[in-house]
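Trainee: Provide a 3D model corresponding to the input given below.
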Amino acid sequence: MCFVADAAELGLDDVVLEPGPGTGGLTALLAERAAAVVAVELDRKLFELASERLAGLTNVRLIHSDIMGKGDQIAPAARAALEEALARHPRGRLKVVANLPYGVSTAFIAAMLAAHPDRVPLKSAIRNPRCAVRTGQSAIPNELVVMVQREVAERLCAAPGSEEYGYLSVIVQALARVESLRRLSPKAFWPQPEVDSAVVRIRPDPALRGAAGDVERLRAVAGGLFTYRRKQLAAALRQSRLTPGLEEARTLLDGLGIRPEARCEELPVSDFIRISKALS
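Mentor: The predicted model follows:
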């Protein structure tokens, strides 16, 4: 827990979102270092234990809720609490620091990175990297330092052509810089989980986001192609209905200099972006 808290490099003005605080051990460490912590716990028993442990910490907001809401978005209760905390600490950075629940880690990371920055211009974020980019749904965090299942960490960092390379790899690497900080065996925990874990740092990059174009369209392209990852690109574009037919798919790919016979797992992130923009 201390390693995760230390890696987040929190400042006294920062606002922290912690999905899945469990009994609140990491939450208490974060509260010592940040201006505000919004912790969201779904399990009722863990929520009650955390409530007892964190009683008296006035800068902690503990919410009994799933972190994810409808449509692959952050749950409304969590969004509202974050907006309130960021309004109270306008100079603070938003950071996600958590031992992420394995079941929601992929959807949560994608949702946090893909939010629409419609309240603070990207050029402002580039000039002032400390600025949390507010959005109508949540805020794009300055940084995520999270413990995830080892397989998830491998997908986050995966290179084209590897077995782990997929939708999550493309979306995260198109929008952020990813760094694996430490691997942890089950022996590091009690009770021991059945899987290895890893701590990763994800830093959203406004310049990368600007180059990615329409993020929702990019998500649709990556999701559609990896749904048919074993098929040739032209066929995958048609079957995912990204193009009306096979001939249109071939024409689009030929125009981009991408082989229609290639498979999506071979493409670098930049090619997904080029396909997405060509489909605009």
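
Trainee: low-confidence regions, the stretch 51-200 of the chain specifically.
Mentor: Within the stretch 51-200 of the chain, the stretches with pLDDT under 70 are 116-138, 185-194.

Trainee: show me where it has its strands.
Mentor: For the stretch 51-200 of the chain, applying DSSP state E, counting those that start in this stretch gives strands covering 60-64, 94-99, 133-134, 139-140, 143-149, 176-184, 197-204.

Trainee: can you put those strands in TSV and add distance to residue 46?
Mentor: The way it works is simple: take the backbone N, C-alpha and C, and place the C-beta from them, glycine included. Output for those, formatted as TSV (distance: least, Cβ to Cβ, whole Å):
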stretch	distance to residue 46
strand 60-64	10
strand 94-99	12
strand 133-134	30
strand 139-140	25
strand 143-149	16
strand 176-184	20
strand 197-204	18
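
Trainee: select, out of those, the one closest to residue 215.
Mentor: Taking Cβ to Cβ as the criterion, strand 139-140 is the member of these that comes nearest to residue 215, at 10.4 Å.

Trainee: residue 275 contacts residue 255, doesn't it?
Mentor: No. Counting by Cβ atoms under 8 Å, residue 255 is not a contact partner of residue 275; they are 10.4 Å apart.

Trainee: before we move on, back to that, any chance of the strands of the stretch 51-200 of the chain in CSV, with mean neighbour count too?
Mentor: Output for the strands of the stretch 51-200 of the chain, formatted as CSV (neighbours: other Cβ atoms under 10 Å):
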stretch, mean neighbour count
strand 60-64, 19
strand 94-99, 25
strand 133-134, 22
strand 139-140, 24
strand 143-149, 25
strand 176-184, 15
strand 197-204, 20
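
Trainee: of all those strands, which lies closest to residue 271?
Mentor: Per Cβ to Cβ, nearest to residue 271 of those: strand 176-184, 18.2 Å.

Trainee: the helices in this protein, which residues?
Mentor: For the chain, the helices defined by DSSP state H occupy 2-7, 25-33, 44-54, 76-88, 105-113, 122-127, 150-157, 167-175, 206-212, 215-227, 233-239, 246-256, 269-278.

Trainee: re earlier: minimum distance to residue 18: which of the strands of the stretch 51-200 of the chain has it?
Mentor: strand 94-99 (4.7 Å).

Trainee: which one of the helices of the chain is the most hemmed in?
Mentor: helix 167-175 (a mean of 24; mean count of other Cβ atoms under 10 Å).

Trainee: got a list of what the closest residue to residue 64 other than its chain neighbours touches?
Mentor: What sits nearest to residue 64 in space, not counting adjacent residues and going by Cβ to Cβ, 6 or more residues apart in numbering, is residue 47, at 4.7 Å. Shown in contact with residue 47 (Cβ atoms under 8 Å, 6 or more residues apart in numbering): 41, 62, 64.

Trainee: identify the residue nearest the first one in space, chain neighbours excluded?
Mentor: Nearest residue to residue 41, sequence neighbours excluded (Cβ to Cβ, 6+ apart): residue 47, at 4.4 Å.

Trainee: would you quantify the distance from the one you found to residue 76?
Mentor: Separation of residue 47 from residue 76 (Cβ to Cβ, to the nearest Å): 17 Å.

Trainee: ok, now residue 235?
Mentor: For residue 235 relative to residue 76 (Cβ to Cβ), the value is 39 Å.

Trainee: just the pLDDT for the residue nearest to residue 64.
Mentor: You'll see residue 47 listed with a pLDDT of 97.

Trainee: from residue 1, how far out is residue 12?
Mentor: Residue 12 is 20 Å from residue 1, by Cβ to Cβ.

Trainee: neighbour count winner among the two?
Mentor: residue 1 (13 against 10; other Cβ atoms under 10 Å).

Trainee: that one contacts residue 26, correct?
Mentor: Yes. Taking contacts as Cβ under 8 Å, residue 1 lies within contact range of residue 26: 4.7 Å.

Trainee: now for these two: what residues contact both?
Mentor: Joint contacts of residue 1 and residue 26 (Cβ under 8 Å, 6+ apart) are residue 99.

Trainee: circling back to that earlier point, ok, the residue nearest to residue 64 to residue 27 distance?
Mentor: Residue 47 is 12 Å from residue 27, by Cβ to Cβ.

Trainee: joint contacts of those two?
Mentor: With Cβ under 8 Å, 6+ apart, residue 47 and residue 27 have common neighbours residue 62.
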